[in-house]
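Peer 1: Need the 3D shape of this:
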Amino acid sequence: MWKVKRMNPARIAVLAIAIVAGGIAAYLVSGSDEKPAPAPVAQLQTVDVLVAKNEIGLGQSVKPDDLQWQTWPAATASGNFITRSNRPEATKEITGSIARAPFIAGEPIREPKLVKADGSGFMAAILPTGMRAISTEISPETGAGGFILPNDRVDVILTRREKNAAGADAVNSEIILSNVRVLAIDQAPKEKEGTSALVGRTTTLELKPEQAETLARSRQMGTLSLALRSIADVNMVEVDEDGGMRSRRGQGVNVIRYGVVSPATVQK
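Peer 2: Numbers count the residues shown, from 1 in each chain. Below is the predicted model:
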């Protein structure tokens, strides 16, 4: 018969410790492979905004291929933007409009920069309400050497010969219109690409009706010249007691308030 040999208690203790240690090691190894669950990410709210797919130039008629819907963060979407949720047919509604100001690719479409021509010509479509477009002759000498471009601001100067008190000829100049916008040079309503000067024979100005009358009368009285204004002071206008722009002589504008005459220049 086989005899069962009794194990030494010390060996039993060592074996038990080894088994327990192996189990702990296996548990630790299996636990190290488990990665903690990632924290939940907040969902960004978005809206579809109508934007210019391509560059849209001044006076260009908007075509369907010029527009596209683009995902936009809802928190940064202005109330002036056109969204698909509010106007799903906006692409069809905008098509055919004329750009009163240029759009760059990716820029959200805003209707204040568009106008429906309704069969009218380009210039009539881009003119603001209440304004008139009137042209006058220019030359390199009277048009700042060709450096006046569409959308620049200018002063219109009238120069004429008059008799002074002594009966001698005298040359007088005065600014008859101040800070008016140039709509076009000849028939170019925008600066040609890469062009820093645009020499033409006529310029079209954006004027109020009373300013258009002043310009028409002045053309018969002498020579008109355009003085280019700095971009830094295009918001400066000269006003009189009626709140409108008037001619000035010398360095200032005479403003009459409560019977007191004083020169003044104010912000728009």
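
Peer 1: For Glu89, grab the count of nearby residues.
Peer 2: 8 (other C-beta atoms under 10 Å). C-beta coordinates here come from the backbone N, C-alpha and C atoms, glycine included.

Peer 1: no wait, Ser85
Peer 2: Ser85 has 8 neighbours, counted by other C-beta under 10 Å.

Peer 1: Tell me the spacing between it and Leu114.
Peer 2: Per C-beta to C-beta, to the nearest Å, Ser85 is found 20 Å from Leu114.

Peer 1: Mind listing what's buried along whichever strand or helix holds Leu224?
Peer 2: Assessed by DSSP states H and E, Leu224 sits inside strand 223-228. By 16 or more other C-beta atoms under 10 Å, the buried positions in strand 223-228 come out as Thr223, Leu224, Ser225, Leu226, Leu228.

Peer 1: ok, the residue nearest to the fourth one when sequence neighbours are not counted - contacts?
Peer 2: Nearest in space to Leu226, with sequence neighbours left out and distances taken as C-beta to C-beta, 6 or more residues apart in numbering, is Val154 at 4.5 Å. Applying C-beta atoms under 8 Å, 6 or more residues apart in numbering, we find Val154 in contact with Ala144, Ile148, Asn179, Val180, Val182, Leu205, Leu226, Ala227, Leu228, Arg229.

Peer 1: Can you check what angle separates the helix or strand where Val154 lies from strand 223-228?
Peer 2: In this structure, Val154 sits in strand 153-163 according to DSSP H and E. With axes from the mean of the first three to the mean of the last three C-alpha atoms, to 10 degrees applied, the angle from strand 153-163 to strand 223-228 works out at 150 degrees.

Peer 1: neighbouring strands for strand 153-163, and are they parallel or not?
Peer 2: strand 169-185 (antiparallel), strand 223-228 (antiparallel) (DSSP bridges).

Peer 1: In the helix or strand that the first one is followed by, which residues are buried?
Peer 2: Tracing the chain C-terminally past strand 169-185 and defining elements by DSSP H and E, one meets strand 202-207 next. The neighbour-count check on strand 202-207 (16+ other C-beta under 10 Å) flags Thr203, Thr204, Leu205, Glu206, Leu207 as buried.

Peer 1: Just put those residues in a markdown table and tack on pLDDT and distance to Ser61.
Peer 2: Shown next, in a markdown table, are the buried residues of strand 202-207 (pLDDT from 0 to 100; distance: C-beta to C-beta, whole Å):
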| residue | pLDDT | distance to Ser61 |
| --- | --- | --- |
| Thr203 | 87 | 24 |
| Thr204 | 88 | 20 |
| Leu205 | 91 | 24 |
| Glu206 | 91 | 21 |
| Leu207 | 92 | 26 |
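
Peer 1: Can you name the residues bridging to Thr136?
Peer 2: Under the criterion used (DSSP bridges), Thr136 bridges to Thr203.

Peer 1: can you check Ser61 too?
Peer 2: Ile98.

Peer 1: thinking again about what came up before, just the C-alpha atoms of the strand holding Leu224, please, in CSV.
Peer 2: Backbone C-alpha positions of strand 223-228 (Å, rounded to 0.1, in the frame of the first residue of the first chain) are rendered in CSV as follows:
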residue,chain,number,x,y,z
THR,A,223,-13.8,125.1,-62.1
LEU,A,224,-14.5,122.2,-59.7
SER,A,225,-11.7,120.2,-58.0
LEU,A,226,-11.8,117.2,-55.7
ALA,A,227,-9.8,117.1,-52.5
LEU,A,228,-9.2,113.6,-51.1
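
Peer 1: now, the most widely separated pair of the contacts of Val154?
Peer 2: Maximum pairwise distance in the contacts of Val154, criterion C-beta to C-beta, is 15.1 Å, between Ala144 and Asn179.

Peer 1: domain parsing for the protein?
Peer 2: Listed domain ranges for the chain are 46-125, 127-231 (source: automatic domain parsing).

Peer 1: quick one: which helix or strand includes Val51?
Peer 2: Val51 belongs to strand 46-52 when assigned by DSSP H and E.

Peer 1: Could you pull out the buried residues of that strand?
Peer 2: So strand 46-52, judged by 16+ other C-beta under 10 Å, has buried residues Val47, Asp48, Val49, Leu50, Val51, Ala52.
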